[in-house]
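>>> I would like to see how this sequence folds:
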Amino acid sequence: MSRIRLARTDDMDALVSLFDAYRQFHGKPSDEAAGRSYLGDRLERQDSVLYVAEDDQQRPVGFAQLYPSFSSVSLARTFVLNDLYVDPSCRHVGIGSALLKAVVQHAKDAGALRVTASTAIENTTVQRLNERNGMVRDRSFYVYHIRTF
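Sure, this is the predicted structure:
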């Protein structure tokens, strides 16, 4: 069984390792120094909400990172679930679902209208996780990106 809680600065070493593995999963090269800087900035500036999942020995084995946002059309606060990762050795035991439930509860407690998440088209594992936990695939909007550097 795992415990889900808000991350603290003393979680940094374990989180950097997980964050680096997450980025590598998404095709980025390993760069723990950059990951440490990025996560440290997020925690210090409090511009994201970072949850950590711990195993029975209180070792971090997963994380989820939410970014606050707003919907002008709905006149409401929203959150973007940008990152959710569970160490491969700890998957398929409910940690991903527990992280997802924690971030949804955080959004509810903050009075947010919704939590939005996106995943790669080929990442059917996360798609199933999202749908099993009540997330609905958007069929009304396309997502567009433009590179700025």
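>>> make it CA atoms for all contacts and neighbour counts henceforth
Noted.
>>> run through the helices of the protein in chain order.
Remark: helices assigned in the chain by DSSP state H are 12-25, 32-45, 95-109, 124-132.
>>> ok, and for the first one, which residues are buried?
Put plainly, it is helix 12-25. 12, 15-23 (16 or more other Cα atoms under 10 Å).
>>> repeat that for the last one.
Within helix 124-132, the residues that count as buried by 16+ other Cα under 10 Å are 126-127, 129-130.
>>> which residues sit against it?
Residues outside helix 124-132 that contact it (Cα atoms under 8 Å, 6 or more residues apart in numbering): 96-97, 100, 119, 136-137.
>>> follow-up on the earlier one: mind putting the helices of the chain into a markdown table with mean pLDDT and distance to Ile4?
Formatted as a markdown table, those follow (pLDDT from 0 to 100; distance: least, Cα to Cα, whole Å):
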| stretch | mean pLDDT | distance to Ile4 |
| --- | --- | --- |
| helix 12-25 | 95 | 14 |
| helix 32-45 | 94 | 17 |
| helix 95-109 | 96 | 7 |
| helix 124-132 | 93 | 17 |
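>>> what's the closest of the ones you listed to Tyr51?
helix 95-109 (7.2 Å; Cα to Cα).
>>> with just CA atoms, put that closest one into PDB.
Listed next in PDB are the C-alpha coordinates belonging to helix 95-109 (Å, rounded to 0.1, in the frame of the first residue of the first chain):
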ATOM      1  CA  ILE A  95      -0.400   3.900  -7.200                       C
ATOM      2  CA  GLY A  96      -1.300   5.800 -10.400                       C
ATOM      3  CA  SER A  97      -5.000   5.700  -9.400                       C
ATOM      4  CA  ALA A  98      -4.200   6.900  -5.900                       C
ATOM      5  CA  LEU A  99      -2.100   9.800  -7.300                       C
ATOM      6  CA  LEU A 100      -4.900  10.700  -9.700                       C
ATOM      7  CA  LYS A 101      -7.500  10.700  -7.000                       C
ATOM      8  CA  ALA A 102      -5.300  12.900  -4.800                       C
ATOM      9  CA  VAL A 103      -4.900  15.600  -7.500                       C
ATOM     10  CA  VAL A 104      -8.600  15.500  -8.300                       C
ATOM     11  CA  GLN A 105      -9.400  16.000  -4.600                       C
ATOM     12  CA  HIS A 106      -6.900  18.800  -4.500                       C
ATOM     13  CA  ALA A 107      -8.700  20.500  -7.400                       C
ATOM     14  CA  LYS A 108     -12.100  20.000  -5.700                       C
ATOM     15  CA  ASP A 109     -10.700  21.500  -2.400                       C
END
